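In: fold the following, please.
(chains A, B, C and D)
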There are 2 protein chains.
Amino acid sequence: MAYRQGLDAETVLQAAIEMADVQGVEQLTLAALAAKLNVKTPSLYNHIKGLPDLRKQLSRRGLMLIKEAMVEAAIGKAEDEALLAAGFAYVIFARKQPGLYEAISSLPDYEDPELKEAGSQVVLFLLRILAPYGLSEEDALHVVRGFRSMVHGFASLEHRNGFRMELERDESLHRMLKTYLRGLRTAAE
Amino acid sequence: MAYRQGLDAETVLQAAIEMADVQGVEQLTLAALAAKLNVKTPSLYNHIKGLPDLRKQLSRRGLMLIKEAMVEAAIGKAEDEALLAAGFAYVIFARKQPGLYEAISSLPDYEDPELKEAGSQVVLFLLRILAPYGLSEEDALHVVRGFRSMVHGFASLEHRNGFRMELERDESLHRMLKTYLRGLRTAAE
DNA sequence: TATAATAACTAATATTATTAGTTTTGTAAA
DNA sequence: TTTACAAAACTAATAATATTAGTTATTATA
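Out: Just a heads-up that it's a prediction; the model follows:
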């Protein structure tokens, strides 16, 4: 009704995050978002470039927050303990903010420079945790890929109800990471 | 133009798979699919229930095929060698049929009975490969979750260009699986 | 050969994103 | 204090989509 709703880009993004977390990122439409903000759909275009742009913003914010969650969880910890904590933080983030996590894991392409940057931060964080292991740069990068694959795969399958057996899920995650880390300590061949 | 195009459900599904593999599952619209089949959009409804149903069919077919690819790859192999082969088959399938793989990994929910069934087949296959390891049922199920998380996570990240460093990707996959399997051989504690 | 089932069609509707152009409001300069 | 401008909302219109209803032509079958 009233002109000047006091909307800005951040408010729109926050509302979009809420909608995505509650209803899933597929159900996040500009029509529904505008209704939630008591505004007509075209008004959103004063704050976003369009739906694809909004989705990209969700992905970027998600990457930033999930990295922050890992950093936070690893404070005061080192080596295996730090990696374990980071891995759990990743999965717990995906549980708490399923829509945001969906946005991370369904982004069409990492080619976008802003997403690239956000993704790099995750990789750099993991490399720093791995530093005390004394791996070569190449070895460390392979480990980073392994770690990311594990936690992303776990969170993704869990998100889609891919684990249906009656079996503690945290225990599965813990074992996977511990098993991998044990393998890392053991000399190859 | 001509009535009776000779369309049936399987033909429609095949065309949908092709479109998804080439253009991505997001771009798979009934409008485009109908055009490809030289038919008007509503005609598709004689063979499918709607777009969500078609997506579900893609997911189911994808799960069946990826399981078959793993079975095929593991023929004549056992234990670590079989798991390694199955893991690579999984990732290679995702590379060859990106749209179908996307359909597997973006299915909204495994709750659907048909998808449940197809997913169970994958789990049962992995359990059979794991049999010679002499694990308890519970232990084996945790390992299955770990294995699925690893290969799905790897394929998913690779699909979205998540691996951007100059680093051989097959080598990363090989190391991840080997490291995990080595950890599995090593006693816990 | 007649009839029933099926597969295509046209027409219509509802939803969506997006663009263009307009009106109102808040802010800053005169 | 008034005026001018930028910004944020609006209305109206368009194009694309999926879907449903109802119709017509074709095939198969009784």
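In: contacts and neighbour counts: CA atoms only from here.
Out: Noted.
In: pretty sure residue A:48 sits against residue A:56.
Out: No: using CA atoms under 8 Å, residue A:48 is not in contact with residue A:56; the gap is 10.7 Å.
In: shared neighbours of the two, anything?
Out: Residues touching both residue A:48 and residue A:56 (CA atoms under 8 Å, 6 or more residues apart in numbering or on different chains): there are none.
In: near chain B, which residues of chain A show up?
Out: Proximity of chain A to chain B, by CA under 8 Å from any CA of the partner chain, involves residues A:106-111, A:138, A:142-143, A:145-146, A:148-154, A:156-157, A:160-163, A:167, A:171-173, A:175-176, A:178-184, A:186.
In: filter these down to the ones in helices?
Out: Here DSSP state H is the test, and the residues of chain A next to chain B give A:138, A:142-143, A:145-146, A:148-154, A:156-157, A:171-173, A:175-176, A:178-184 as lying in helices.
In: residues in contact with residue A:161?
Out: B:109-111.
In: just give me the neighbour total for residue A:137.
Out: Neighbour count for residue A:137, taken as other CA atoms under 10 Å in any protein chain shown: 11.
In: any idea how far it lies from chain B?
Out: Using CA to the nearest CA, to the nearest Å, residue A:137 is found at 11 Å from chain B.
In: residue A:104 contacts residue A:65, doesn't it?
Out: No: the criterion here is CA under 8 Å, and residue A:104 misses it with residue A:65 at 10.6 Å.
In: what subset of the residues of chain A next to chain B is buried?
Out: Buried by 16 or more other CA atoms under 10 Å in any protein chain shown: A:106-108, A:110, A:142-143, A:145-146, A:148-154, A:156-157, A:162-163, A:172-173, A:175-176, A:178-184, out of these.
In: so which of those residues are also by DNA strand D?
Out: Among those, no residue sits close to DNA strand D (CA under 7 Å from any atom of the strand).
In: in chain A, where is pLDDT below threshold?
Out: A:1-2, A:108, A:188-189 (pLDDT under 70).
In: break it down into its structural domains.
Out: A:1-48, A:58-185 (automatic domain parsing).
In: tell me which stretches of chain A form helices.
Out: A:9-23, A:30-36, A:51-74, A:79-96, A:98-105, A:113-130, A:137-159, A:169-185.
In: picking up where we left off before, distance to residue B:43 added to the domains of chain A, as TSV?
Out: Shown next, in TSV, are the domains of chain A (distance: least, CA to CA, whole Å):
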stretch	distance to residue B:43
domain A:1-48	26
domain A:58-185	30
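In: now do the buried residues in stretch A:76-92.
Out: In terms of neighbour count (16+ other CA under 10 Å), stretch A:76-92 has its buried residues at A:79-80, A:82-92.
In: make CSV out of the domains of chain A and add distance to DNA strand C.
Out: Listed next are the domains of chain A as CSV, based on distance: least, CA to the nearest atom of the strand, whole Å:
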stretch, distance to DNA strand C
domain A:1-48, 3
domain A:58-185, 14
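In: how about those domains, which one is nearest residue B:30?
Out: For the domains of chain A, proximity to residue B:30 was assessed by CA to CA; domain A:1-48 is nearest, at 17.5 Å.
In: ok, residue A:181 - contacts?
Out: Taking CA under 8 Å, 6+ apart as the test, what residue A:181 contacts is A:80, B:179-180, B:183.
In: how does it look with 6 Å?
Out: The contact partners of residue A:181, by CA atoms under 6 Å, 6 or more residues apart in numbering or on different chains, come to none.
In: how many other residues sit next to the nearest residue in space to residue A:107 that is not next to it in sequence?
Out: Spatial nearest neighbour of residue A:107, excluding adjacent residues (CA to CA, 6 or more residues apart in numbering or on different chains): residue A:59 at 6.6 Å. Neighbour count of residue A:59, defined by other CA under 10 Å: 27.
In: separation between residue A:59 and chain B?
Out: Distance of residue A:59 to chain B, given as CA to the nearest CA: 13 Å.
In: any idea how far residue A:126 is from that residue?
Out: With distances taken as CA to CA, to the nearest Å, residue A:59 is found 19 Å from residue A:126.
In: one more: residue A:137?
Out: Residue A:137 sits 12 Å away from residue A:126 when distances are taken as CA to CA.
In: just to revisit the earlier point, tabulate the helices of chain A (a markdown table), appending distance to residue B:12.
Out: Formatted as a markdown table, these follow (distance: least, CA to CA, whole Å):
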| stretch | distance to residue B:12 |
| --- | --- |
| helix A:9-23 | 30 |
| helix A:30-36 | 31 |
| helix A:51-74 | 29 |
| helix A:79-96 | 35 |
| helix A:98-105 | 29 |
| helix A:113-130 | 36 |
| helix A:137-159 | 28 |
| helix A:169-185 | 38 |
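In: got the residues of chain A near DNA strand D?
Out: Going by CA under 7 Å from any atom of the strand, the residues of chain A near DNA strand D are A:1-8, A:38-44, A:46-47.
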